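Peer 1: got a predicted structure here, sequence first:
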Amino acid sequence: MVNNILRKLCSGLPLDPLPDNLGRNPNIAHAAKRVANLSKLEKQQAITNALRYFPNHVHKILAKEFADELENFGHIYMYRFLPRIPIKAYPIDEYPCKTIKAAAIMLMIMNNLDPQVAQFPEELITYGGNGQVFSNWAQFWLVMNYLSELDNEQTLVMYSGHPLGLFPSNSNSPRCVITNGMVIPNYSSKEDYEKYFALGVSMYGQMTAGSYCYIGPQGIVHGTYLTVLNIYRKYFGSNDLRGKIFISSGLGGMSGAQAKAGYVLDSVTVIAEVSEEALMKRHRQGWVLEVIKDIKELINRIVHCKQEKIATSIAYHGNIVDIWEALVEYYDRTGEILADLGSDQTSCHNPYLGGYFPVQLSYDESLRMMHENPKEFKFLVQESLRRQYKAIDKLGDKGLIFWDYGNAFLLEVSRALQQDNKTSDALSKTKFKYPSYMQDVMGDIFSLGFGPFRWICTSCDENDLKMTDKAAIEVFEQTLKSPDLPEKVRHQYEDNLKWIREAESYQLVVGSKARILYADQLGRCNVSLAMNKMVREGLLKAPVVISRDHHDVSGTDSPFRETSNIYDGSAFTADMAVQNFIGDGIRGATWVSLHNGGGVGWGEVMNGGFGLVLDGSEEIDKVIKSMVTWDVLNGVARRSWSGNQNAKETIVRAMSFIDGLKVTVPVHIEDEKILSDL
């Protein structure tokens with residue numbers, strides 16, 4: 001039954017009368033002020049660009065407040081047009097649409113903006129400090145209106161948050177095509193981004209923020225769970241993390257998952273967070289169990305938990321640098337290294353505008369200085385990064401296993417050290433001094449074809465999620481019965497089978513009824529086919545959306561993260577991500593997206609994603625077999641060609657059972673002497 005509240009939301013921009021301008025909600029977290037340094041003419045252009053969404057008779061009213069927003073916040077968000085209804089994922093049959101595919105996209109958009117899910121919902125930011133769904137609230141209203149009118153012979157075209165419009169297409173085309181941040185390469189610096197975003201002409205969609213596919217921190221919990229487990233296996237030769245101390249930072253949209261993942265693995269996980277609002281949000285949700293504000297109390301608690309092997313997750317309300325320096329002081333005093341594992345998930349892709357808070361300042365002082373005195377703030381950030389790295393490096397020399405989490409932490413450390421005229425061994429080209437979770441662990445798993453596959457039950461019904469969990473378990477159990485399954489692949493199936501069996505007990509769901517599971521081409525196809533059959537047979541109350549993180553086998557070209565283990569010289573190329581976007585679109589995806597930036601920042605990454613509505617039709621069975629196979633094996637083939645042995649074995653095996661698949665396989669040079677003789 002169509003929800004009348006949603007019907008109003010889909011009726012277009014509310015103009016008659018204009019809604020009251022209530023401003024921002026002071027009781028929730030907000031994004032840091034952007035710093036664009038626009039000239040007077042550019043400011044006028046930004047306001048002109050914003051006003052073109054509205055008829056002339058309201059321009060005088062809106063122009064003044066848009067100018068105020070630009071001055072006060074560095075961007076025109078159009079707070080007057082904040083929806084007055086609860087933003088969340090509603091059951092799919094409540095959306096007033098002509099096609100179920102449009103309703104599914106609406107559901108996913110509203111989930112991305114759910115205050116329980118989104119980091120800064122009133123700025124339309126889902127996660128990562130600046131990962132936008134849209135650039136302003138006018139775009140939100142227009143998109144909802146367009147989607148309510150869209151039929152199966154039309155495609156909604158999205159330019160960096162801006163709905164260009166509905167265009168005639170055909171039933172096999174994507175219903176929505178999204179691009180974010182597509183700028184000319186020579187104009188893709190961070191300074192360029194700030195300018196274009198302030199002008200309202202481009203946008204940073206991060207990964208699943210701008211593609212409407214975020215499922216809350218559950219996704220990164222599973223990825224973190226697998227990363228920590230595999231790193232511990234690699235360096236300690238065990239799966240038993242009881243009494244082991246894992247130190248990191250960040251309790252935001254993505255980083256908030258670390259505490260939960262560490263606890264699931266029975267470790268003692270300690271996460272620093274400077275924002276009390278972010279910290280308490282994760283505490284209320286049960287993602288972190290303890291809160292400590294005093295550094296001496298924290299060290300004492302770590303010592304006790306280590307000795308007693310108490311599994312817990314501790315949020316330290318303070319700066320991560322304080323923890324690392326306290327651990328060094330403890331080592332100097334006792335000779336004992338308390339921390340076994342360490343990483344960092346501050347948003348270092350955006351270090352000078354709220355992604356990293358320097359230890360020398362309080363949280364509020366940082367928020368003021370970053371836009372009042374950005375030059376001094378940058379100096380303090382780099383000084384803080386040098387202090388953090390110095391402490392980590394000292395413990396690393398004594399046995400701490402530290403790894404870079406692909407958030408550009410060591411990249412920014414390297415730049416900070418260079419700024420201080422110091423030789424940096426933190427990073428050389430794309431090779432880190434310390435292990436990278438991609439180069440040293442997850443890259444090989446991606447090369448086997450395993451990555452973060454996910455699905456969303458559009459009924460918003462808990463029982464549908466339980467039934468899809470059960471279907472995935474049955475598929476994995478059946479796959480493990482195969483005697484031909486390679487041992488490396490078998491290990492991944494076993495790890496993920498354990499995860500999915502226990503997932504419900506972890507209480508991971510925030511927002512939509514969604515689940516994540518690392519799977520390869522065979523696993524993703526078979527789980528999707530099983531769920532589509534369940535929809536067809538009426539076993540589920542509504543269709544299922546399948547998707548994935550862009551951080552996956554084929555979705556992202558990122559030389560400092562997803563493709564950092566590419567060593568044939570092609571790490572800085574982006575053919576894979578672009579081809580993936582095109583290939584998913586022509587094979588029947590419901591919507592597709594391609595982004596500049598994501599993970600390690602604007603200008604550093606190309607990435608894309610998709611959404612596919614499983615409506616129960618036999619036609620969708622064909623799409624699954626074609627599109628999902630391509631979506632995984634494109635990246636496996638590329639990784640094989642770069643010289644990765646796991647990928648080579650995987651693609652050769654795939655060619656043995658997939659009709660029509662014929663991939664160029666590299667020939668290894670047996671006699672390397674022929675090169676040295678040249």
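Peer 2: Arrived safely, thanks for sending. Numbering: from 1, shown residues only.
Peer 1: for residue 465, grab phi and psi.
Peer 2: Dihedral angles phi and psi of residue 465 (degrees, to the nearest 10) take the values phi -60, psi -40.
Peer 1: what segments of the stretch 1-150 of the chain are helices?
Peer 2: Per DSSP state H, counting those that start in this stretch, the stretch 1-150 of the chain carries helices over the ranges 4-9, 40-51, 59-73, 100-112, 137-149.
Peer 1: quick one: mean pLDDT for the first one?
Peer 2: Averaging the model's pLDDT scores along helix 4-9 yields 91.
Peer 1: for that helix, the distance to its chain's centre please.
Peer 2: Its chain's C-alpha centre and that of helix 4-9 lie 30 Å apart, by CA atoms, centre = their mean, to the nearest Å.
Peer 1: and the biggest strand by length in the chain, what does it pack against?
Peer 2: What stands out as the longest strand in the chain, according to DSSP state E, is strand 606-614. Applying 3 or more CB pairs under 8 Å, 6 or more residues apart in numbering; DSSP states H and E, we find strand 606-614 packed against helix 100-112, helix 521-536, strand 544-548, strand 556-557, helix 575-586, strand 591-596, helix 618-623. C-beta: built from backbone N, CA, C; applies to glycine.
Peer 1: in JSON lines: the ones you listed, plus mean pLDDT, mean neighbour count and distance to residue 29.
Peer 2: Shown next, in JSON lines, are the helices and strands packed on strand 606-614 (pLDDT from 0 to 100; neighbours: other CB atoms under 10 Å; distance: least, CB to CB, whole Å):
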{"stretch": "helix 100-112", "mean pLDDT": "98", "mean neighbour count": "25", "distance to residue 29": "16"}
{"stretch": "helix 521-536", "mean pLDDT": "98", "mean neighbour count": "22", "distance to residue 29": "35"}
{"stretch": "strand 544-548", "mean pLDDT": "98", "mean neighbour count": "27", "distance to residue 29": "26"}
{"stretch": "strand 556-557", "mean pLDDT": "96", "mean neighbour count": "28", "distance to residue 29": "27"}
{"stretch": "helix 575-586", "mean pLDDT": "98", "mean neighbour count": "20", "distance to residue 29": "31"}
{"stretch": "strand 591-596", "mean pLDDT": "98", "mean neighbour count": "28", "distance to residue 29": "24"}
{"stretch": "helix 618-623", "mean pLDDT": "98", "mean neighbour count": "16", "distance to residue 29": "39"}
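Peer 1: so which of those gets nearest residue 173?
Peer 2: Closest to residue 173 of the helices and strands packed on strand 606-614 is helix 575-586 (CB to CB; 7.6 Å).
Peer 1: name the residues that touch the closest one?
Peer 2: Helix 575-586 is touched from outside by 173-174, 177, 554-557, 563, 592-594, 606-608, 610, 627, 630-631, 634-635, 638, with contacts defined as CB atoms under 8 Å, 6 or more residues apart in numbering.
Peer 1: what about the helices and strands packed on strand 606-614, which gets the closest to residue 42?
Peer 2: Short answer: strand 591-596, nearest of the helices and strands packed on strand 606-614 by CB to CB, at 21.0 Å.
Peer 1: give me the buried positions along stretch 184-200.
Peer 2: For stretch 184-200, the neighbour count (16 or more other CB atoms under 10 Å) marks 188, 190, 192, 193, 194, 195, 196, 197, 198, 199, 200 as buried.
Peer 1: any low-confidence regions in the stretch 201-350 of the chain?
Peer 2: Counting by pLDDT under 70, the low-confidence segments of the stretch 201-350 of the chain come to 253-255.
Peer 1: could you pull out the strands in it for me?
Peer 2: Secondary structure of the stretch 201-350 of the chain (DSSP state E, counting those that start in this stretch): strands located at 245-249, 268-273, 290-292, 312-317, 341-342.
Peer 1: which strands and helices sit next to the shortest one?
Peer 2: Read that as strand 341-342. Identification of packing neighbours for strand 341-342 by 3+ CB pairs under 8 Å, 6+ apart yields helix 218-236, strand 245-249, strand 401-402.
Peer 1: my guess is residue 516 meets residue 215, correct?
Peer 2: Yes - using CB atoms under 8 Å, residue 516 and residue 215 qualify as a contacting pair, with a distance of 6.7 Å.
Peer 1: look at these two and report which has more neighbours.
Peer 2: Legend: neighbour count by other CB atoms under 10 Å for residue 516 and residue 215, higher for residue 215 (29 against 25).
Peer 1: just checking, residue 92 touches residue 456?
Peer 2: No - the pair residue 92 and residue 456 fails to qualify as a contact (CB under 8 Å) at a distance of 9.8 Å.
Peer 1: thinking again about what came up before, dump the longest strand of the chain to CSV, restricted to CA.
Peer 2: Coordinates of the C-alpha atoms in strand 606-614 are reproduced here as CSV (Å, rounded to 0.1, in the frame of the first residue of the first chain):
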residue,chain,number,x,y,z
MET,A,606,38.3,5.5,-10.0
ASN,A,607,35.6,3.2,-8.7
GLY,A,608,32.1,2.0,-9.6
GLY,A,609,29.2,-0.1,-8.4
PHE,A,610,25.8,-1.4,-9.3
GLY,A,611,22.5,-2.4,-7.9
LEU,A,612,20.4,-5.3,-9.3
VAL,A,613,16.7,-5.9,-8.4
LEU,A,614,15.9,-9.6,-8.1
